[in-house]
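> Here's a sequence, model it:
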Amino acid sequence: MQNLLNTPIINGTSIMDVLTVGFLVSAFGSVLTAIIILIIGFIIGGWVSRRVESVGRNNRHLDETLFIFLGNIVRYIIIGFAFLFVLNTFGVQTTSVVAVIGAAGLAIGLALQGTLSNVAAGVMIIFFRPIKLGDFVTINGQSGTVKSINLNFIEMASIGNFQIIIPNSEVWGNTIVNYSVYPQRRAEWTFGVGYGANLAEAERVILDTIMADPRSLSDPEPFIQVNNLNASSVDFLVRIWCSRADYFQYQADMTRKVKEALDAAGIDIPFPNRTVHIVNDAD
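Just a heads-up that it's a prediction; the model follows:
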């Protein structure tokens, strides 16, 4: 039994040594020190991360998403150093630990190629900024407002306010239509009038009605012309520029106002109709 208690287990330390009060006090001190180091690491990491994020949040000329990303990186780096200090506290050789982590990282990377491709695409999106928080975009056939950009995916809210999650590899590898980059958008309508209508009068009514709205912009110049001769109507193509923020409501409002203005002017708005001839064949 005595020989068993004197058997070295860690760095020449025997079971008998472990059971001594001095060793227990030393071990308790090391554990307490490790806990304090971790707490300080998390506190400092969170504080520095918030400071980095606030730089982008408080400066309109900087991209908030980029600084959120940088803040997270700084936070994890500080926490990683805290863990290395903890290992040193227990006498662990950190050089070998780093080598093991590197080997494990390579194995994990090979197993998670799809995930890493999303991370790589996320880094490209954050640094090159084809989209930003609050942009209204269409990606891979999905339209919505960008709510968050993470390393693995982006989150969008659709027009109907349901959540859309798109992996970053599908964002970076597809065409992105961003409706929020430019301050103005061009609204477009097609209005049909009857073949018997006075085209000059119809054109005047349509253009005057739309341009009377304060949301209509005169620069670039409004566009209206006869665009198509349908089976039952003469179609006017109308293109007017407006502010990006007004686009959807403006386009809907003008559709109704032009309809009401044409009715008030007595200009016929035709609809397809069919004449049926019944032939009675007598025997």
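> Now do the same contact list for the closest residue to Gly194 other than its chain neighbours.
Excluding its sequence neighbours, the residue lying closest to Gly194 (Cβ to Cβ, 6 or more residues apart in numbering) is Asp268, at 3.8 Å. In short, each C-beta sits where N, CA and C put it, glycine included. By Cβ atoms under 8 Å, 6 or more residues apart in numbering, the residues touching Asp268 are Val193, Gly194, Gly196, Ala197.
> okay but the last one is in contact with Ile267, surely?
Think Ala197. Yes. The criterion here is Cβ atoms under 8 Å, and Ala197 meets it with Ile267 at 5.1 Å.
> all helices of the stretch 1-150 of the chain, in order?
For the stretch 1-150 of the chain, the helices defined by DSSP state H, counting those that start in this stretch occupy 2-5, 15-18, 21-58, 64-89, 94-111, 113-128.
> Which one of the ones you listed has the poorest average confidence?
Per-stretch mean pLDDT for the helices of the stretch 1-150 of the chain is lowest at helix 2-5 (a mean of 48).
> I'd say Gln184 and Ala245 touch.
No. Between Gln184 and Ala245 there is no contact under Cβ under 8 Å: 10.1 Å.
> Report the rounded mean pLDDT for whichever strand or helix holds Thr255.
Thr255 belongs to helix 247-264 when assigned by DSSP states H and E. Mean pLDDT, computed over helix 247-264, is 94.
> So for that helix, what gets flagged as buried?
Tyr247, Tyr250, Gln251, Met254, Val258, Ala261, Leu262 (16 or more other Cβ atoms under 10 Å).
> how close does the fourth one get to Asp213?
It refers to Met254. To Asp213, Met254 is 7 Å away according to Cβ to Cβ, to the nearest Å.
> again, but for the third one
As for Gln251, its distance to Asp213 is 11 Å (criterion: Cβ to Cβ).
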